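Undergrad: Generate coordinates for the sequence data below:
(chains A and B)
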Amino acid sequence: MSDQSVSLLQIDGLTKLFGGLRAVSDFSAGLPEGALHGLIGPNGAGKTTVFNMITGIYVPTEGDIRFDGTSLVGMEPHLITRTGVARTFQNIRLFQDMSVLDNVRVAYHMHAGYNLADAILHLGRFRRQERLQSDRAQEFLAVFNLTNRRDELARNLPYGEQRRLEIARALATKPRLLLLDEPAAGMNPVETDNLMELIHFIRGQFKLTILLIEHQMRVVMGICEWITVMDFGQVIARGTPKEIQSNQRVIEAYLGKRRVRGL
Amino acid sequence: MRLTWLRTPLRIIAWMVYAALSLVIVYGVYRLIQFKGATYFFQALLDGLRLGFVYALIALGYTMVYGIVRLINFAHCDVFMVGAFSSYYAITSYGWGIVPAIILAMVVCIVLNIAIERMAYKPLRNAPRITALISAIGVSFFLEYFTALRFVFGADFLTYKRPFDVVVWNVLGLSISNITVIIVAVTLALLALLLYIINRTKVGKAMRATSQDATAARLMGIDIDRIITLTFGIGAALAGAAGVLYAIAFPQIWTFMGIMPGLKAFIAAVLGGIGNIAGAVLGSLLMGEIEVLTVSFVPFGSRIRDLVAFLVLIIVFLVKPTGILGEPQVEKV
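TA: Numbering: from 1, shown residues only, chains lettered A, B, ... in the order given. Okay, the predicted model is just below:
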């Protein structure tokens, strides 16, 4: 949809084979800077696999992923994060036995200007840096309305707050591209509404480009500007929410062919 | 689980077992004091503490490495042995004092352990866990037999010359030597440094994050390889110091000296809950006490001390495989 020169994230011909299984087959997409795109599809369509390839957990069998012009293929996950790609997980993966504040601080730490020797030998500089970081981390918590939870262990937070903390943690790595894997999963309608507002807010506040996997159509149709639909590892449709809603192939993929004919 | 109704009665039974156990311990202590006198008992307790501190330094290396890479580094006890030997040469050949000798042992062990990780474990990181474990056992044997060669350390027992004179003070009837003071002081200092690193610094936070969820940690920008190197390094530094302390307490060294203290420290780590730092220290102190009390009070105790140690391991595995402070791992489906 957009040509390569203006895309922040450009994916071309991405394929992943697990043995004989084509988890993702010839997946292409382009996200311009500031876009909010949705990636939808039935269970097992390969959406999370795409995320795992972007973030370097899996190495693609074929294809290229370019982020701001540099290829991410074969790069270590932590280096990909440092170039400005952050993500959340389908099943929340917080550091359960660390405090809320520490969860954010760990993510924020890679910007810290000291090493272990400094921490032991130059206490002054270390302390200053630590305080600065602690302050910044608390700013993130404030944005996500988690300030009064900062000293609690992540595992003790209610579900909705764990989801919010995960997004806060991802943002603390200072990403330009944020990948959200089913952020509304398991949320009630009120929480979902709040989440949609939050996503809108952080996108403006942190100048983010967002790619979102989601099952709740209300969320996808409500906030995404462009949607890519996958089924059995392949892209079967792309377009605006309106176009997708009336797309025959998409309806078939979700409801099954027979059912559609019957309708 | 469908058996939730079982949980409350089970908990009550567990508390009853704990209460019974405490009573047995209190009664046992009382009988022991009666048996040979308070001074004898507390002397044994003190010696046990000293041994426990040395075990703690070794056990921390096992438990930290396990926490990060889920591997029992069986070569750890031989790193400990190399620490003892490097300080031996520094002291006997170059006349170094105790502090520089400990620092040298720590440095040598750090280099050795990181090299072991690079060569024997890193290439196997994506292999099944048992493969790395077998590799660890291989490295352990290699270090023991290679260093026993004549041109390395030799296969003989060497007498470790302490770089200071032993002084024994008499405090309330207990004899406390400066060896004990050094062991306790060095261990506490290293423990404080370790806790500071783990709880207050960013690498410490990164280590905790990695041990909880390595994949998520990588995606937060944490360089796992660096954290693993660091963990092996810290564990080795503690083992190196432990090697020197063990050698000044039991001044006879040879290349197989690491096996028994290593296994006991490993048992201590399991007893406390493997992967848990406080657990490793707690388990080690318990193991030290159990061992010395066995020697002091049980007939033929010095012959069955090792037997008792392994008995502890078996009991832990049967009764509470996750250890005292370890939490049961809930497998997510």
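
Undergrad: so what's B:Ala56 up against?
TA: B:Thr187, B:Leu191, B:Ala265, B:Ala268, B:Ala280, B:Val281, B:Ser284, B:Leu285 (CB atoms under 8 Å, 6 or more residues apart in numbering or on different chains). Heads up, the C-betas are built off the backbone N, CA and C, glycines and all.

Undergrad: quick one: which helix or strand includes it?
TA: helix B:38-69 (DSSP states H and E).

Undergrad: Roughly how far does the most centrally placed residue in chain A sit from A:His37?
TA: In chain A, the centroid-proximal residue (CA atoms, centre = their mean) is A:Leu179; its distance is 1.6 Å. Distance, A:Leu179 to A:His37, using CB to CB, to the nearest Å: 10 Å.

Undergrad: Can you pull the residues that touch both of those two?
TA: A:Ile210, A:Leu211, A:Leu212.

Undergrad: What is the helix or strand encompassing the last one packed up against?
TA: Secondary structure from DSSP H and E places A:Leu212 in strand A:209-213. Other helices and strands packing on strand A:209-213, by 3 or more CB pairs under 8 Å, 6 or more residues apart in numbering or on different chains; DSSP states H and E, are strand A:7-18, strand A:21-32, strand A:36-40, helix A:47-54, strand A:177-181, helix A:189-205, helix A:217-223.

Undergrad: List the neighbouring strands of it plus their orientation.
TA: According to DSSP bridges, strand A:209-213 forms sheet pairs with strand A:36-40 (parallel), strand A:177-181 (parallel).

Undergrad: and these as JSON lines, adding mean pLDDT?
TA: Formatted as JSON lines, these follow (pLDDT from 0 to 100):
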{"stretch": "strand A:36-40", "mean pLDDT": "92"}
{"stretch": "strand A:177-181", "mean pLDDT": "93"}
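
Undergrad: My guess is B:Ala247 contacts B:Tyr160. True?
TA: Yes - in this structure, B:Ala247 is within contact of B:Tyr160 by CB atoms under 8 Å, at 4.5 Å.

Undergrad: So which of these two has more stuff around it?
TA: A side-by-side neighbour count of B:Ala247 and B:Tyr160, using other CB atoms under 10 Å in any protein chain shown, places B:Ala247 first with 27 against 22.

Undergrad: Could you report the separation of that one from B:Phe164?
TA: Applying CB to CB to B:Ala247 and B:Phe164 gives a distance of 13 Å.

Undergrad: now B:Thr131
TA: From B:Thr131 to B:Phe164 the distance is 45 Å (CB to CB).

Undergrad: One more: A:Thr240?
TA: Going from A:Thr240 to B:Phe164 by CB to CB gives 81 Å.

Undergrad: what's the answer for B:Ile134, then?
TA: B:Ile134 is 42 Å from B:Phe164, by CB to CB.

Undergrad: Equivalent analysis for B:Gly97, please.
TA: B:Gly97 is 8 Å from B:Phe164, where distance means CB to CB.

Undergrad: what's the answer for B:Gly240, then?
TA: Separation of B:Gly240 from B:Phe164 (CB to CB): 19 Å.

Undergrad: next one: A:Met217
TA: For A:Met217, the distance to B:Phe164 - CB to CB - is 77 Å.

Undergrad: what number of residues lie near the closest residue to B:Leu195 other than its chain neighbours?
TA: The shortest distance from B:Leu195 to any non-neighbouring residue, by CB to CB, 6 or more residues apart in numbering or on different chains, is to B:Ile277 (7.8 Å). Here the number of neighbours of B:Ile277 (other CB under 10 Å) works out to 24.

Undergrad: What of B:Pro128?
TA: 9.

Undergrad: cool, B:Gln212 as well?
TA: B:Gln212 - counted by other CB under 10 Å - has 19 other residues nearby.

Undergrad: measure the closest residue to it other than its chain neighbours to B:Thr92 for me?
TA: In space, and not counting its chain neighbours, B:Gln212 is closest to A:Phe95: 4.6 Å by CB to CB, 6+ apart. According to CB to CB, A:Phe95 and B:Thr92 sit 47 Å apart.

Undergrad: doesn't B:Thr210 make contact with B:Ile68?
TA: Yes - between B:Ile68 and B:Thr210 there is a contact under CB under 8 Å: 5.7 Å.

Undergrad: who's more crowded, these two?
TA: Using other CB under 10 Å, the more surrounded residue of B:Ile68 and B:Thr210 is B:Thr210, with 27 against 22.

Undergrad: confidence score at the more buried one?
TA: On pLDDT, B:Thr210 comes in at 92.

Undergrad: Repeat that for A:Leu263.
TA: At A:Leu263, pLDDT is 47.

Undergrad: Check which residues of the host helix or strand of B:Met16 are buried.
TA: According to DSSP H and E, B:Met16 maps onto helix B:7-36. Neighbour counts over helix B:7-36 (16 or more other CB atoms under 10 Å in any protein chain shown) mark B:Leu32 as buried.

Undergrad: so for it, what's the average pLDDT?
TA: 85.

Undergrad: Grab the nearest non-local neighbour of the residue nearest to the centre of chain A.
TA: Of all residues not flanking A:Leu179 in the chain, A:Arg87 sits nearest, at 3.9 Å (CB to CB, 6+ apart).

Undergrad: The one you found touches A:Ala170, doesn't it?
TA: Yes - with contact defined as CB under 8 Å, A:Arg87 and A:Ala170 form a contacting pair (6.1 Å).
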